[in-house]
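Novice: I would like the atomic coordinates for the input below:
(2 chains)
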There are 2 protein chains.
Amino acid sequence: QSSNSTSTLSDNMSLRVPPPQSLREALKVPDRYMFGPGPSNVPPRILEAGARPVIGHMHPEIFEIMSDIKSGIQYLFQTQNKMTFAVSGTGHSAMECAIFNTVEPGDSVLTAVNGIWGERAAEMAERIGGRVNAIVAPPGGIFTNEDIEKALSKHRPALFFLAHGESSTGVLHPLDGIGQLCHKYNCLFLVDSVASMGGSPLHMDQQEIDILYTGSQKVLNAPPGTAPISFSERACRKTKPLSFFLDFNWLTNYWGCDDKPTRVYHHTGPVTAFYSLRESLAVLCEEGLEASWERHRTVAEYFHAGLENIGLKLFVKDKQVRLPTVTTIIAPHGYDWKEITSYIMRTHNLEISGGLGPSAGLVLRVGLMGCNSSRTNVDMVLSALTDALQHCHRSKV
Amino acid sequence: QSSNSTSTLSDNMSLRVPPPQSLREALKVPDRYMFGPGPSNVPPRILEAGARPVIGHMHPEIFEIMSDIKSGIQYLFQTQNKMTFAVSGTGHSAMECAIFNTVEPGDSVLTAVNGIWGERAAEMAERIGGRVNAIVAPPGGIFTNEDIEKALSKHRPALFFLAHGESSTGVLHPLDGIGQLCHKYNCLFLVDSVASMGGSPLHMDQQEIDILYTGSQKVLNAPPGTAPISFSERACRKTKPLSFFLDFNWLTNYWGCDDKPTRVYHHTGPVTAFYSLRESLAVLCEEGLEASWERHRTVAEYFHAGLENIGLKLFVKDKQVRLPTVTTIIAPHGYDWKEITSYIMRTHNLEISGGLGPSAGLVLRVGLMGCNSSRTNVDMVLSALTDALQHCHRSKV
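Specialist: Reported below is the predicted structural model:
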């Protein structure tokens, strides 16, 4: 009777919140050049893949697709790690997945902070009780292997975080020898390659990286929403992390990475996002990793020379450590950077962005990633910048 | 020189993992009737919305779309809560978002376990140090308000979890009066409506629910990957949760729910998933909530009568607490349930599923959600079941 009387009660409740007027209007989405630090443009082929019919998150066909994705990531990362999959979320979920599964409360953690990503990794590790120390370089700077070894030896961390592509400052950090140093000090080496992966050489296994992740929406040109990740054997979690959703053991079982005969329902994978991720990996395989690296390198050099030609200055002085995917330009003297980005968006339908975190106010950022990395696009950006410098207000300094 | 010498090193590394052969083949996705417990079929209109061009996660146009989504969720949930948004993840992320932001280590947590969802909520709360107690009913059963009050009074929890739609057992749990009981005991009321939302009456504000979430892939008929959630004022988090990605204060700022003048970059929202979520909410607004509830109710009654006509028995005895979106059928005596679901998939291109968690092996589950809830589809399922019962092996018992 209890259930009878209660149904009567709620049956008599009437709607108090009306349907919003705004949803009667059709969805409006502008089509623009996405030349900021990401997301970048998604080619029709990849958008169409994501619009295929939804199937079940435990159907054999999706397991096949997930297996293709896994192989594609192994190629992209240059790794033979069994524990390779995609997190059902954006780069930040992958960062959290990496940290939740490798840091226990009380563990010493070392982060390299030369932009926003090291700060965010530090914040995540602190929240779960890590004892976090940081080595700090000014925005645009890098760390020598000597700097890193000194800190490893002093803090004896369980985990060392480094961003390969520091998209907030435009730095591509050298990786050689750091994995070996970490292992000398019995420390796991965690690398964020969200902004660099596919656009710059990286060899996960040869460079002894233990945990590596990226995002779908940069060089891969898929929509944001999935994040490739891989764990070396050394990094494989044995105990339960704080999060069920990001639990390494559950996730690797869902992705068929472990040796168990059956997969147990963990969460409902975003199947259509898996379709577009698979397609984006197929595009990358068609071009080939080395060709993609080379294209990003030569287009970036062409871009950087063009910027200097029109009188702009690059924020990262050392050519060797310039990120080819995201270029930071010193905010032109005498201009309001916001007026420049707004003018270019309004007049050229083209996104470039300002700084982020420690580079806010200091730089303009231009991302040319994946299919966007071409000389034609460079010319378009250079002409938009030239136009903006002519038309935006300049203070007399 | 350090950076020069290291670049040389990795420049000489060659690729050791070749591109996988499997990615040379085109993506293959079957089109089938998705009549399991979810994901359900996504109509072309919603798939097409998700294939619109990618824009920035901080562009004014995406903030507009997010604002439409927020209003649509307020209507769907029947709430005026300012703190209403969508988690960038599936239902499990929303469950974790709710628990991470309301439970502190050492807090007493009470979960109602009458299927898998109460177990998962308990597991999540335990992982972050909650002292979890459960009230337990057999699969298919419910709790009276007296049961619940007794447990609230005994355990004095900070949070009480209840699944409105228990999709593993096919139970629709009555909600009336429970919010009021929770508040009498100074406890937050958390409700999982992943399987029920939009298919069965629910009034978040009038029923005094403090945290409510659902998924995109059930009645809403959007692809899996976003999860609407809302917090009452009572439930608003003041302190930092363990997760940065699921931090209430960051998320509500990104969604423009707080009173701050600017939005700070938190994570890259899955913009194309927001497009399809907006479209699915627009579809629901066009039909109207009450019409959708009524359609799901009458179609479910028609289905249940049809099942009894062909000699099948419903797992949930009490008609009042049968979930109209997901129907549990007692696994037919003498048959192997797996043979039935495989036969129907193979012969009719139609997914129905077996049990989950405590109902595994006991039931068949059929979901008719959103656009799938129609008499035509019921007739299709009934004829597939009739066919399967004729053609699958039956042991002589």
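Novice: alpha carbons only for contacts and neighbour counts from here, please
Specialist: Noted.
Novice: and the stretch 101-250 of chain A, which residues reach chain B?
Specialist: Proximity of the stretch 101-250 of chain A to chain B (CA under 8 Å from any CA of the partner chain) is limited to residues A:123-124, A:127-128, A:144-145, A:174-177, A:201-203, A:206, A:223-225, A:240-245.
Novice: Recalculate using a threshold of 6 Å.
Specialist: Listed as neighbours of chain B in the stretch 101-250 of chain A under the rule CA under 6 Å from any CA of the partner chain: A:127-128, A:176, A:224-225, A:242.
Novice: Buried subset of the residues you listed, written for PyMOL?
Specialist: To isolate the buried members of those in PyMOL, using 16 or more other CA atoms under 10 Å in any protein chain shown:
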select buried, chain A and resi 127+128+176+224+225+242
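Novice: Most widely separated two among the residues of the stretch 101-250 of chain A next to chain B?
Specialist: Greatest spacing in those, by CA to CA: A:176 and A:242 (32.4 Å).
Novice: ok, back up a step: okay if I get the residues of the stretch 101-250 of chain A next to chain B as JSON lines plus pLDDT?
Specialist: Below are these laid out as JSON lines (pLDDT from 0 to 100):
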{"residue": "A:127", "pLDDT": "97"}
{"residue": "A:128", "pLDDT": "97"}
{"residue": "A:176", "pLDDT": "97"}
{"residue": "A:224", "pLDDT": "98"}
{"residue": "A:225", "pLDDT": "97"}
{"residue": "A:242", "pLDDT": "96"}
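Novice: Low-confidence regions, the stretch 251-397 of chain A specifically.
Specialist: A:396-397 (pLDDT under 70).
Novice: now the strands: where do they sit in it?
Specialist: Secondary structure of the stretch 251-397 of chain A (DSSP state E, counting those that start in this stretch): strands at A:326-330, A:350-351, A:353-354, A:363-367.
Novice: closest one to chain B among those strands?
Specialist: strand A:350-351 (8.6 Å; CA to the nearest CA).
Novice: wait, isn't residue A:132 in contact with residue A:109?
Specialist: Yes - using CA atoms under 6 Å, residue A:132 is in contact with residue A:109, at 4.7 Å.
Novice: the more surrounded of those two?
Specialist: Using other CA atoms under 10 Å in any protein chain shown as the criterion, residue A:132 and residue A:109 rank with residue A:109 on top: 29 against 21.
Novice: List the neighbouring strands of the helix or strand containing the more buried one plus their orientation.
Specialist: For residue A:109, the host element (DSSP states H and E) is strand A:108-113. Here strand A:108-113 has these sheet partners by DSSP bridges: strand A:131-136 (parallel), strand A:159-163 (parallel).
Novice: List of residues touching that strand?
Specialist: Applying CA atoms under 6 Å, 6 or more residues apart in numbering or on different chains, the external contacts of strand A:108-113 come out as A:118, A:130-136, A:157-162.
Novice: could I get these as TSV with pLDDT?
Specialist: Below are the contacts of strand A:108-113 laid out as TSV (pLDDT from 0 to 100):
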residue	pLDDT
A:118	97
A:130	98
A:131	98
A:132	98
A:133	98
A:134	98
A:135	98
A:136	98
A:157	98
A:158	98
A:159	98
A:160	98
A:161	98
A:162	98
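Novice: Out of these, which comes closest to chain B?
Specialist: residue A:130 (11.2 Å).
Novice: I'd guessed that closest one sits against residue A:106; true?
Specialist: Yes - using CA under 6 Å, residue A:130 is in contact with residue A:106, at 5.1 Å.
Novice: of these two, who's got more company?
Specialist: Counted by other CA under 10 Å, residue A:130 and residue A:106 do not tie: residue A:130 has more neighbours, with 23 against 12.
Novice: Now for the more buried one: which residues touch it?
Specialist: Going by CA under 6 Å, 6+ apart, residue A:130 touches A:105-108.
Novice: got it, and residue A:331?
Specialist: Contacts for residue A:331 (CA under 6 Å, 6+ apart) come out as A:362-364.
Novice: Pull out the buried members of those.
Specialist: The neighbour count (16+ other CA under 10 Å) marks A:362-364 as buried among the contacts of residue A:331.
Novice: got TSV for these, with distance to chain B too?
Specialist: As requested, these are exported to TSV (distance: CA to the nearest CA, whole Å):
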residue	distance to chain B
A:362	17
A:363	17
A:364	16
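Novice: can these go into JSON lines with extra columns for distance to residue B:272?
Specialist: As requested, these are exported to JSON lines (distance: CA to CA, whole Å):
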{"residue": "A:362", "distance to residue B:272": "31"}
{"residue": "A:363", "distance to residue B:272": "29"}
{"residue": "A:364", "distance to residue B:272": "26"}
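Novice: what residues does stretch A:270-290 touch?
Specialist: Residues contacting stretch A:270-290 (CA under 6 Å, 6+ apart): A:46, A:49-50, A:69, A:72, A:220, A:222, B:19, B:23, B:224-225.
Novice: Can you list the buried residues in that stretch?
Specialist: By 16+ other CA under 10 Å, the buried positions in stretch A:270-290 come out as A:270-285, A:288-289.
Novice: Just the CA trace of that stretch, in PDB.
Specialist: Provided in PDB are the C-alpha atoms of stretch A:270-290 (Å, rounded to 0.1, in the frame of the first residue of the first chain):
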ATOM      1  CA  PRO A 270      31.200   6.800 -25.700                       C
ATOM      2  CA  VAL A 271      30.800   4.600 -28.800                       C
ATOM      3  CA  THR A 272      30.400   7.300 -31.400                       C
ATOM      4  CA  ALA A 273      33.500   9.100 -30.000                       C
ATOM      5  CA  PHE A 274      35.300   5.800 -30.400                       C
ATOM      6  CA  TYR A 275      34.300   5.800 -34.100                       C
ATOM      7  CA  SER A 276      35.800   9.200 -34.700                       C
ATOM      8  CA  LEU A 277      38.900   8.400 -32.700                       C
ATOM      9  CA  ARG A 278      39.400   5.200 -34.800                       C
ATOM     10  CA  GLU A 279      39.000   7.200 -38.000                       C
ATOM     11  CA  SER A 280      41.500   9.900 -36.900                       C
ATOM     12  CA  LEU A 281      44.000   7.200 -36.100                       C
ATOM     13  CA  ALA A 282      43.400   5.700 -39.600                       C
ATOM     14  CA  VAL A 283      44.100   9.100 -41.200                       C
ATOM     15  CA  LEU A 284      47.400   9.300 -39.200                       C
ATOM     16  CA  CYS A 285      48.400   5.800 -40.300                       C
ATOM     17  CA  GLU A 286      47.800   6.600 -43.900                       C
ATOM     18  CA  GLU A 287      50.100   9.600 -43.800                       C
ATOM     19  CA  GLY A 288      52.600   7.800 -41.500                       C
ATOM     20  CA  LEU A 289      54.100   9.200 -38.300                       C
ATOM     21  CA  GLU A 290      57.400  10.300 -39.700                       C
END
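Novice: That stretch: how far from the chain's middle?
Specialist: With CA atoms, centre = their mean, to the nearest Å as the basis, stretch A:270-290 stands 15 Å off its chain's centre.
Novice: go on, stretch A:142-152?
Specialist: Here the centre of stretch A:142-152 is set off from its chain's centre by 24 Å, with CA atoms, centre = their mean.
Novice: Stretch A:291-303 too?
Specialist: Centroid separation for stretch A:291-303 versus its chain: 19 Å, with CA atoms, centre = their mean.
Novice: That one and chain B, are they touching?
Specialist: No - remark: stretch A:291-303 sits outside contact range of chain B, by CA under 6 Å from any CA, the gap being at least 10.9 Å.
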